[in-house]
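Peer 1: Just the structure for this:
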Amino acid sequence: MSFILWCWHKVFGFVFGPDNAISWILGIVFLTFTVRGILFKPFVKQVRSMKKMQDFAPEVKKLQKKYANDRQKQATEMRKLQQEHGVNPLGSCLPMLLQIPVFIGLNWVLRNFQEGRPSNYFFDAAEVDSYVNAKLFGINIGDAINHFGFAGQSSEWHWEVAPLAIPLMIIAAIATHLTARHSVARQNPASASQQTAMMNNLTLYIFPFGVLIFGAFFPIGLLIYWLANNGWTLGQQRFVYGRIDREEEQKKLEDKEKRDNLAPKPGQKPKKPQPGQKPDPQKKQASKGAAGSADSTDTGTDNEAGSGTESGSESGKVSAQSSTGSANGSGGSQKSGGTKGGSSAKGGAWAKNGGNKQRPSGQGKKSKGGKRR
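Peer 2: All right, here's what the predicted structure looks like:
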């Protein structure tokens, strides 16, 4: 922590001067941004892991209900479920756990800036004096309302620090609440549990309230770190959550495009209508026409054996059959050429059956389209 702070103080000290409080404040702020930038990738993994855990939360509840009386079996099945979904529960806690040593280390470094010290890790005696004497609105950035006897410092109350420390404490508490609120708003209600509700209450209310209480024991520099850390977290959440939302929207569009590609192409044979679905009138008429053509072909074949037909090419056969009927004394007048010979043919058939008005088997009246009725 001291090395990163030393580097940024050198950068801003070159611009504003090494003894300027702005150089130290910007050094602390960019120290925060550097650490959070290093933890950016673990944070993205944390968000994705939490999203996956919310997606299979109903399965977790089923396991908890199924093995309510067997904690060991429940834990075993939970581990199997997490492995199937590629989720590591510790991964969602890693960024938060890594921030704890950062906070403790920076707190130690800032409190060790004391007058008369020969060095403070990477800082030499001149840089220690520069920090001790750096003032913001007339208040030293290394002071706190109460140092609480840390590192040999007195535990007396320094209320002259309060006009700067209290506004920073309030702003830091509000930023902590907004950060937690933005994170809680992303949670899936279906994955809610008693543990989740407890953690939400801690992050939404207990942690911000803790900043208001224990902020009195933080030096000004550490309050600036806390405020910068929460500001970075809030902006990072908006950026990462927005990117994940765009990825999910893009995935939905790709899935929809795949479903559209699987649909029948123009000109393909359509699927059979479902029960209760009305058929297309045009398709129905087309199918009737095809059936009529097939029946007409069959009828023409039968007429070659002795039944009447409407085709002009079959008229010779009809005439022959009609003359046979006339020779037996029962035939009627017939038309030549392409005229209908069905009546004469029927006369010949009746004559062959002894004059009885009875149609022979396999023969009948023709309906429109060539079908026998």
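
Peer 1: List the residue ranges of the stretch 251-373 of the chain that fall below the pLDDT cut-off.
Peer 2: 263-373 (pLDDT under 70).

Peer 1: Where does residue 37 sit: helix, strand or coil?
Peer 2: At residue 37 the chain is in helix, as set by DSSP: H, G, I helix; E, B strand; the rest coil.

Peer 1: what's the distance between it and residue 30?
Peer 2: Going from residue 37 to residue 30 by CB to CB, to the nearest Å gives 10 Å. Quick note: C-beta positions are derived from backbone N, CA and C, even for glycine.

Peer 1: neighbour count winner among the two?
Peer 2: residue 30 (19 against 12; other CB atoms under 10 Å).

Peer 1: what residues does the helix or strand where that one lies touch?
Peer 2: If you go by DSSP states H and E, residue 30 is part of helix 21-38. With contacts defined as CB atoms under 8 Å, 6 or more residues apart in numbering, helix 21-38 is touched by 1, 4-5, 8-9, 11-13, 15-17, 99, 102, 106, 110, 130-131, 134-136, 141, 221, 224-225, 228-229, 232-233, 236.

Peer 1: and what of stretch 217-229?
Peer 2: For stretch 217-229, the external contacting residues (CB under 8 Å, 6+ apart) are 24-25, 28-29, 31-33, 36, 99, 103, 106-107, 110-111, 136, 139-148, 161, 164-165, 168-169, 171-172, 175-176, 211, 215.

Peer 1: Just the ones of the residues you listed in helices?
Peer 2: 24-25, 28-29, 31-33, 36, 99, 103, 106-107, 110-111, 164-165, 168-169, 171-172, 175-176, 211 (DSSP state H).

Peer 1: Look up the closest residue to residue 230, ignoring the ones flanking it.
Peer 2: Distance criterion CB to CB, 6 or more residues apart in numbering; nearest residue to residue 230, sequence neighbours excluded, is residue 175 at 3.7 Å.

Peer 1: Quick check, pLDDT for the one you found.
Peer 2: The model reports residue 175 with a pLDDT of 90.

Peer 1: Now do the contacts for it.
Peer 2: 227, 230, 231, 234.

Peer 1: Widest-spaced pair of those residues?
Peer 2: Greatest spatial distance among these (CB to CB): 227 and 234, at 10.9 Å.

Peer 1: In terms of neighbours, single out the busier of these two.
Peer 2: Each of residue 227 and residue 234 has its neighbours counted (other CB under 10 Å); residue 227 has more, 22 against 18.

Peer 1: before we move on, which element is the more buried one in?
Peer 2: helix 220-262.

Peer 1: can you check residue 9 too?
Peer 2: Counting by DSSP H and E, residue 9 is found in helix 2-16.
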